[in-house]
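> Pasting the sequence and the predicted coordinates here, then a few questions.
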Amino acid sequence: MWDKLEKGPIIMIGLADGRSHSEPLTAQLDRDQVDTIWFFIGKDNRLAKGGAAMAQFVSKGQDFFACLSGRVAVDNNPAMIDKLWSKPVEAWFPGGKTDPNLALLRFSIDEAELWEADMSLTGKLKLLFGGKIRADEEGSHAVVSDTLV
C-alpha cells in the first residue's frame, strides 16, 4: 500500500460522524511510522476537530484499493513538520512552517481492508468478452491490522 500511495498520494478522508463528507487530501508518508499517515491542513478544516475517521484510496493505476479506519488528531510536532515539509506543501501555506493557519493532522490507522485487482489473463479476457470469472482468476482481498503488508 505504501508504494502505491507514494505514486499517487491522494486519499479521500472524513470523520466517521455521519455528518460530514470525505475530502481529498495529499498523504504525507513517514516509513518510520507504520500505520500512520500525515496531512497538512488548515486549522479551519473540518478534520481539525479530530475523532474517528474513515479514508479511501484508489491507486493511480486503479489496480489497488484500500478502506482505512482509525482516528485523526492535530499533532503540530515541529520535528514532524520539518520532516514532512516540501515545496508543494509550502504552496498551500505561504507563511511557511509557522503559517498561523497550518495544522499537521495525524491519521492513526486501526484497521485496513485492501483489494488488489491483479486479475489473471483469462479473467481479463472473460471480462472483455463475457463469461463467469472464477475466484482463482480475480484479484486478492484482505483485512489487515498492518498496512505495510
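Arrived safely, thanks for sending.
> Which single strand of the chain contains the most residues?
For the chain, the strand that runs over the most residues, judged by DSSP state E, is strand 102-116.
> tell me which strands and helices that one is in contact with?
Applying 3 or more CB pairs under 8 Å, 6 or more residues apart in numbering; DSSP states H and E, we find strand 102-116 packed against strand 36-42, strand 64-74, helix 78-84, strand 140-144. Any C-beta I mention is one placed from the backbone N, CA and C, and that applies to glycine too.
> List the buried residues for the first one?
When you say that, I think you mean strand 36-42. By neighbour count on 16 or more other CB atoms under 10 Å, the buried set for strand 36-42 is 36, 37, 38, 39, 40, 41.
> what's the closest of these to residue 115?
Nearest to residue 115, judged by CB to CB, of the buried residues of strand 36-42 is residue 37 at 18.2 Å.
> what's the burial count for the closest residue to residue 60 other than its chain neighbours?
Distances taken as CB to CB, 6 or more residues apart in numbering place residue 8 nearest to residue 60, at 3.4 Å, with adjacent residues excluded. Per other CB atoms under 10 Å, the neighbour tally for residue 8 reads 16.
> Lowest average confidence across helices and strands of the protein, where is it?
Least confident helix or strand, the chain: helix 121-129 with a mean of 47, by mean pLDDT, DSSP states H and E.
> before we move on, back to that, okay, the helices and strands packed on strand 102-116, which one's buried deepest?
Among the helices and strands packed on strand 102-116, strand 36-42 has the highest mean neighbour count (mean count of other CB atoms under 10 Å), at a mean of 21.
> same question for stretch 100-112, mean pLDDT?
What stretch 100-112 shows for mean pLDDT is 95.
> can you tell me how far residue 78 sits from residue 102?
Distance check for residue 78 against residue 102: by CB to CB, to the nearest Å, it reads 11 Å.
> same check, this time on residue 19
For residue 19 relative to residue 102 (CB to CB), the value is 25 Å.
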